[in-house]
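A.B. asks: Got a sequence here, can you model it:
(2 chains)
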Amino acid sequence: MAGLEPRVEYLESFRCPLGGLAAGKPRVLCHGAEIFVSTGSEFVYVYDQEGRLLTAVYRFPGQVWHLELWAPRRLLYVLCAQKGIYCLSLDQASRSVNQGDGDDRGSEDGQPPCAAVPVHPDACLLPDDTLCTFTVVDDMLVTLAQGPARWKVQLSDCPCPGEDARPRGQIGEVELSTSSPLAGAPGEPTAPHILPVLCCVSPPGSSALQGRTRGSRGCLLEQALFGLLFGVDASLLESPVILCGLPDGQLCCVVLKTLVTSRLSPGDPKALVKILHHLEEPVVFIGALKTESLAEDAEDTHPDCLVALGHGGRILAIKASWDEAGTLVPELREYQLPGPVLCAACGGGGRVYHSTPSELCVADLARGRASDRGPGGLPSLLCPAGLGICSVVTLSVSCEVPEGGARLLALSARGRLMTCSLDLSSEMPCPTRAAVADTGQKIKELLSGIGTVSERVSSLKKAVDQRNKALTCLNEAMNVSCVLLASREGPRPISCTTTTAWSRLQPQDMLTATCRLENNSGLSLDRGWALCVQVLTSTPASDTDVAGSATTYTIPVDRLGPGDRREVTLPLGPGEDGALDLPLTVSCALHYSLREVVGGALAPSESFKDPFLDECPPDVLPEQDGICLPLSKHTVDMLQCLRFPGLATPHTQPSGLLGPVSDSVDTFLGSLGPRSEPAGPASLRAKFLPPSVATIRVSAELLRAALGDSHTGTSLGCATLQWLLAENTALDVVRSRRLSSVQGVAPDGTDLHLTIREVAVTHLCTAGPMQTVEIQVESSSLASLCSAHHAVIGRLQRMVVEQAAQSSSPPDLRVQYLRQIHINHETLLREVQALRDRLCTEDEASSCGTAERLLQVYAQLRSPSLLLL
Amino acid sequence: MSHQTPLGSSVPHASCLDLWREKNDQLVRQAKVAQDSRLSLRRQQLAQDALEGFRGLLHSLRGLPAAVPVLPLELTITCNFITLRASLAQGFTEDQAQDIQQGLERVLETQEQLGPRLECGLRGLWDSVLHYSSLLLELLPALHHLAGLQAALWLSTDCLGDLTFLLQTLNGNQNEASRNLLRLLKTWSPPAEETNAPLTLQDARGLRNVLLTASAFRQGLQELITGSLPRALSSLREAASGLCPRPVLVQVYTALGTCLRKMGNPQRALLYLVAALKGGSTWGPPLLEASRLYQQLGNTAAELESLELLVEALNVTHSSEAPQLLIEVELLLPRLHPASPLHCGTQSQAKYLLASRCLQVGRAEDAAEHYLDLLALVLDGLESKFSPPPSPTGPCIPEVFLEAAAALIQASRAQDALTVCEELLSRTSSLLPKMPQLWEDARKGTKESPHCPSWVSATYLLQGQAWVQLGAQKEAISEFSRCLELLFRATPKDKERGPASNGEKGCVSDMTLQQLRAAALISRGLQWVASGQDTKALQDFLLSVQMCPGNQDASFHLLQTLRRMDRRDEATALWWRLEAQTKLPQENAAWSLPLYLETYLGWIRFPDRETLLEEFQTSLPEPCDL
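C.D. replies: A predicted model of the protein is given here:
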């Protein structure tokens, strides 16, 4: 069959989204000379084959998922996603077109050639947002709805449009016993990737299907197979049977006449639903075929083979046959066709057409039968033959040409409607027809062949381009990673520095961190790179069990060429409650998203979008789909956040940044009348309790060594204060005024006093009094005091560690005295532990006393002043 | 704790709050307009729109950090959303559970207690939320409302343990010992809503009343099914005393009727059934129950009349009232199981019941008419909305045909019976083994014989009997022979095939097969007797006695034939055996045969056993006792 040459004729082009139409939702229906097309958007087009033009365009309120035509009354039933089923009477509708209802709103998304007629909401027959597909049987509507855990088959009367007043007559309902979870995350109703399919099958005598057009999805089935599959009851009742092919691969059936239920006699799924088979991949097509060609022209032969086609290309064929003893037995056979299958259709003479992204193929279930097996059997092998047409997303066998040919209506992924005429009877690879007479025809065929090929080439080219681009991006990312990882020592070519400052942009003062990303390398950071800043709060002092929380900000680095820099300012706090848990840690890292860059290229080229692979192949990219390169880590402590309203001088400094905001109105009001004291507990404490104090003593020698020559010209006290406030915005003022003591305000508004003085310690050193620097922190708020103390200790610790490397010999110490201090501290610590334990178990009344005692001990612990040497 | 306040936007809380509230009130009003709308489509659309509105509103509220002043409104909107959604979908789903969970998490968010508690599931969430909310009085009304919805959800999904726990917590654990659901529901009193609260579709108190009725009814039904009747009676009375819509009241009264009937109070049961019939337009369940009651009382005429009325009632497609856009009692009731006393089936099922009861009580004419009606209903198109008996215990369609044929024969309409049998065979011909080939094989006796469903042989049997009635002996004998051939060949494969051959599951049992064979043999034997071929008759009767020793009729026929043929010794031996058997207590038929077979066996019953035995005894020579 290699030489099958279809005559392809393009009829019309429809608007299609970028990347082409996705399979599964577009539909093509043919009725007489009219073709009904939906491309999966909200439009339904009517094309007239004789006049070769679009005669009408209907605009529905949602995406159209399915079309059915009920020919006898010329009604078009349309399923709108998340809306329900609409019904259009074609006769009435065409009148309204002629009236020239010119509501052309298609301009924003590519104009349909003639005015789109919006469909009135009243045309909705069955408003139901869970419907996935439906079919029309006689004047009944069979719908398949997606329930919370199960699929529901519903049977309802199908009222004609205009008969609105009558209530929606649901006749029956049954749940399909599927246990596998449906596609889509719980909660949000998401559209399923692959819609289920319904097929109505009737026994030959049934009145149900008379008057239906061929090409719609209902079909007759030979009596023996029908009875075998659906049981004696169904064939005695001559009842149509609904076959459901579900996305989980189940193929089940419901005998329609038994599906009459009500609230007082609900349908029992066990009795009503029968599972025929499990295809183990989503079912995309169900149809019936005639494989016996013995009496081909006889009117009373009916399809004798049921086929179900899975998305991956697995096809199931069921036939009835007789075993040796003469008993009727079903013959089931599975074959594998190339996948993924976009759409399929059954033709005459046992032919199944199915379309994959690369080719439209035809497989013949009637072929090779004689050679393989006795009469009635199915072939042992199925050899699909390609027709040279790619990416057909929906297909309809329009009408059979008598001598073994066929005419297909197809819609390509590019939105082109075409007819393909096949001459399947000619087995010769190259038809030897009278050359001269056919030349014109042949040229036409060649041209349309070129059209198909060019469409295919362009889609392949696009895929290649995408991949090249992705590779380039990956290469760059690789270089950047190498550069960053190689330079562990010294300044990094790509660096990130963090500074903090108070900003007054908000209604409330806000401490902000500014991260400056500098690219000093020769490479540029392109699409896919993002700067991740993680702000990690410390644990509040009160409960140490709870880990501090982290907030991560991700800022895409759009393009950062060599030498460029970018600044990002982030709010750190305080939050609404005014609290700012210090210290904070700000870590910066560069993140490279593989998904963003490579994802698109790895998906099969977009024009043949496979609904299952919509979001990138899961097996190729791991969950953590990126590269993370840490850049810097910065700790924000109390000393950086202190503000010094006392230092503000109106003419030299923008006053706001040194002190917390004070509204001029408030100031004004405050100056009038008696000063109203703020009533918070903090201010009360400030008023009535003595401020808490903490002191730290450091040997002057150590400090001098650490500060090096930066303190020349000033006293050691001033230098120490400058060193402590090095990262504070007030450093300049402190330096210029040579202060050794400052009065500051903590972020929560409490005051904080920092005093540096030089004192001599006598007992410690054998060689006489020792010069030390005493750092005293004083605050009315215990919390602020603690953070400040913590910050000072932190810096000193860092300094000591640095100095330890190049340490000079310590002076002679009186070890006895040191030990005494140590022992004192240990007893105090033990008491602290005991008190804290008691605090946990005691009730409120007595815990007050304990807490008080605890505070005292803490104060003692802080005040005897540890000496750092 | 992340301090992420929206940059550069100071939210004017007061005005936004008012705006959202206004939107909520407007949506509630819209839903009420939808409720009152007579056009069902318009109603559905309005309600869908309102639902979307609530969803959008909730979406925007949840975009902001949770705050105590906004929470009551947010929770109320959540409640309205859940109520509307559940009533539109006519049931609760997992989605609603998630909506509730989100609402609770938002409450905890203000307390900054999220995190470790998430693992305890909804139950744990409720525990901590209610614990916390005792501090925040302004949240209480909305939380009780949400708790009512949670209770409805747990009731409809049968999570009674969780439900009891929730109610105990809501009641403040005052009576921890009490695990009685109804008592807990009664003690629960949701706080009254403030006058200026945002509008709700259904308030917490209304919800509580619905819950009370629904759980009383559920409990009563459950107890009725498990057989603890006095408790069922009290629960059902509780349900009947509550406010409930009419269709539910009819069901409750019917269940009360069933309960009282089972307790042996038919008169009081009847009163409830009458009340149920007066109560509303759903007449099915009370009528079916009435027929059961009359059957128990032995009042056949009234029983059949009830069944006739039932058929009529089910024919009326009662205009189903559009359900309220509220959580209603119906929503919380379990799906009716076919075994439930309230399950009344479809019209055709009722028709079948009527027809078969007529046949059983011997009203052959009526039975025949009803069966013909039923078959017409079956074979008609879809318009008549037929549903065959789908229950696994009911007969399959071929058996309905056979019963119809039997009823026709019983009513002396043999010709019609033949038509029905032919119809059955023709409609299933393509499914049957190829008959000519079958006869061929049978004659040769070489090949393994094909499987053939037992109802095919039964059809031949009935056809034979019809011919008997028409006086066509030859045809009758040939049908009986056909039947016997099939019956004897069919056995070996019956068991191995099992479920594969559907449509006759449960139709065939060993006993049925034995009795079928005996019936066919006796029938043929009787024809031989009628044509004076006693030896052939004797052979058939002998065989039937061997095939089915339990069938005494075969022995009597055999005895009479032996006597007529004057084979005294064999006859005497048989007589002794029969005498011994008749003196034994008659073992009641523990098996149940298909109705058509029961009827058939009635036709070939030996007319006067006692007389034969006595006559034979007198003819016996006295010296027997020697």
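A.B. asks: neighbours of residue A:122, just the number please.
C.D. replies: Number of residues near residue A:122 (other CB atoms under 10 Å in any protein chain shown) recorded here: 14. All C-beta spots, glycine's among them, are computed from the backbone N, C-alpha and C.
A.B. asks: mind showing which ranges of the stretch 101-250 of chain A have poor pLDDT?
C.D. replies: Across the stretch 101-250 of chain A, the ranges flagged by pLDDT under 70 are A:101-114, A:148, A:159-169, A:177-192, A:205-218.
A.B. asks: switch the cut-off to 80
C.D. replies: For the stretch 101-250 of chain A, applying pLDDT under 80 flags the ranges A:101-116, A:120-125, A:127-129, A:138-139, A:147-150, A:157-172, A:177-193, A:204-218, A:233, A:237-238.
A.B. asks: Quick one: the helices in it, in order.
C.D. replies: Ranges of helices in the stretch 101-250 of chain A, per DSSP state H, counting those that start in this stretch, are A:223-237.
A.B. asks: May I have the predicted confidence score for residue 547?
C.D. replies: By default, I'm working from chain A. pLDDT, residue A:547: 55.
A.B. asks: right idea, wrong chain: chain B
C.D. replies: So residue B:547 comes in at 80 (pLDDT).
A.B. asks: how about it, what does it touch?
C.D. replies: If a contact means CB atoms under 8 Å, 6 or more residues apart in numbering or on different chains, then residue B:547 has B:514, B:517, B:518, B:521 as its contacts.
A.B. asks: which ones among these are found in helices?
C.D. replies: Counting by DSSP state H, those place B:514, B:517, B:518, B:521 in helices.
A.B. asks: May I ask which of those has the most neighbours?
C.D. replies: Neighbour-wise, these (other CB under 10 Å) top out at residue B:521, 29 neighbours.
A.B. asks: shouldn't it be in contact with residue B:544?
C.D. replies: Yes - with contact defined as CB atoms under 8 Å, residue B:521 reaches residue B:544; the gap is 3.7 Å.
A.B. asks: Between these two, which contacts overlap?
C.D. replies: Common contacts of residue B:521 and residue B:544 (CB under 8 Å, 6+ apart): residue B:554.
A.B. asks: in what helix or strand does residue A:466 lie?
C.D. replies: Here residue A:466 is covered by helix A:435-486, with elements defined by DSSP states H and E.
A.B. asks: Beyond that helix, next helix or strand please.
C.D. replies: Following helix A:435-486 in sequence order, the next helix or strand is strand A:494-503 (DSSP H and E).
A.B. asks: Now do the SS call for residue B:189.
C.D. replies: Counting by DSSP: H, G, I helix; E, B strand; the rest coil, the backbone at residue B:189 sits in coil.
A.B. asks: Which residues are in contact with it?
C.D. replies: B:205, B:208.
A.B. asks: and what of residue B:18?
C.D. replies: Per CB under 8 Å, 6+ apart, neighbours of residue B:18: none.
A.B. asks: Is residue A:755 bridged to anything, and to what?
C.D. replies: When bridges are called by DSSP bridges, residue A:755 pairs up with residue A:741, residue A:776.
A.B. asks: I figured it hits residue A:776, correct?
C.D. replies: Yes - look at residue A:755 against residue A:776 with CB under 8 Å: they come within range, at 4.4 Å.
A.B. asks: ok, residue B:576 - how many residues close by?
C.D. replies: 12.
A.B. asks: what do you get for residue B:152?
C.D. replies: 26.
A.B. asks: Quick one, grab the pLDDT at it.
C.D. replies: On the pLDDT scale, residue B:152 is placed at 89.
A.B. asks: Let's have the ones in helices among the contacts of residue B:547 in TSV, adding pLDDT and distance to chain A.
C.D. replies: Putting the ones in helices among the contacts of residue B:547 into TSV (pLDDT from 0 to 100; distance: CB to the nearest CB, whole Å) gives the following:
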residue	pLDDT	distance to chain A
B:514	81	23
B:517	85	21
B:518	86	25
B:521	89	25
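A.B. asks: tell me the domain ranges of chain A?
C.D. replies: Split into domains by the TED database, chain A comes to A:7-94+A:113-179+A:193-422, A:441-603+A:624-636, A:637-646+A:689-811, A:814-868.
A.B. asks: Can you say which of those is packed in most?
C.D. replies: domain A:7-94+A:113-179+A:193-422 (a mean of 20; mean count of other CB atoms under 10 Å in any protein chain shown).
A.B. asks: quick one: terminal-to-terminal distance for that one?
C.D. replies: 7 Å (CA to CA, to the nearest Å).
A.B. asks: okay but residue A:46 is in contact with residue A:57, surely?
C.D. replies: Yes - in this structure, residue A:46 is within contact of residue A:57 by CB under 8 Å, at 7.5 Å.
A.B. asks: of all the residues in the stretch 1-150 of chain A, which ones are close to chain B?
C.D. replies: The stretch 1-150 of chain A comes close to chain B at residues A:121, A:122, A:124, A:125, A:127, A:129, A:137, A:138, A:140, A:147, A:148, A:149, as judged by CB under 8 Å from any CB of the partner chain.
A.B. asks: Just the mean pLDDT for stretch A:351-363, thanks.
C.D. replies: Averaged over stretch A:351-363, pLDDT sits at 86.
A.B. asks: gap between the two ends of it?
C.D. replies: 6 Å.
A.B. asks: Closest one to residue A:800 out of the contacts of residue B:547, please.
C.D. replies: Among those, residue B:514 lies closest to residue A:800 (CB to CB), at 103.6 Å.
A.B. asks: That closest one and residue B:545 touch, don't they?
C.D. replies: No - between residue B:514 and residue B:545 there is no contact under CB under 8 Å: 11.6 Å.
A.B. asks: Residues touching stretch B:556-567, excluding its own?
C.D. replies: B:522, B:525-526, B:529, B:534-535, B:537-538, B:541-542, B:544-545, B:568, B:570-571, B:574-575, B:578, B:606, B:609, B:612, B:616, B:619.
A.B. asks: tell me the secondary structure for residue A:287?
C.D. replies: Going by three-state DSSP: residue A:287 is strand.
A.B. asks: Of all the residues in the stretch 751-869 of chain A, which one is nearest chain B?
C.D. replies: residue A:783 (15.5 Å; CB to the nearest CB).
A.B. asks: Stretch A:228-248 and chain B, are they touching?
C.D. replies: Yes - Stretch A:228-248 is in contact with chain B by CB under 8 Å from any CB, via A:228, A:231, A:232, A:233, A:235, A:236, A:237, A:238, A:239, A:240.
A.B. asks: Can you measure across that stretch, start residue to end residue?
C.D. replies: Using CA to CA, one end of stretch A:228-248 lies 24 Å from the other.
A.B. asks: Per-residue pLDDT of residue 370, please?
C.D. replies: The chain I'm using is chain A. Per-residue confidence (pLDDT) for residue A:370: 46.
A.B. asks: let's do chain B instead
C.D. replies: At residue B:370, the pLDDT value in this model is 90.
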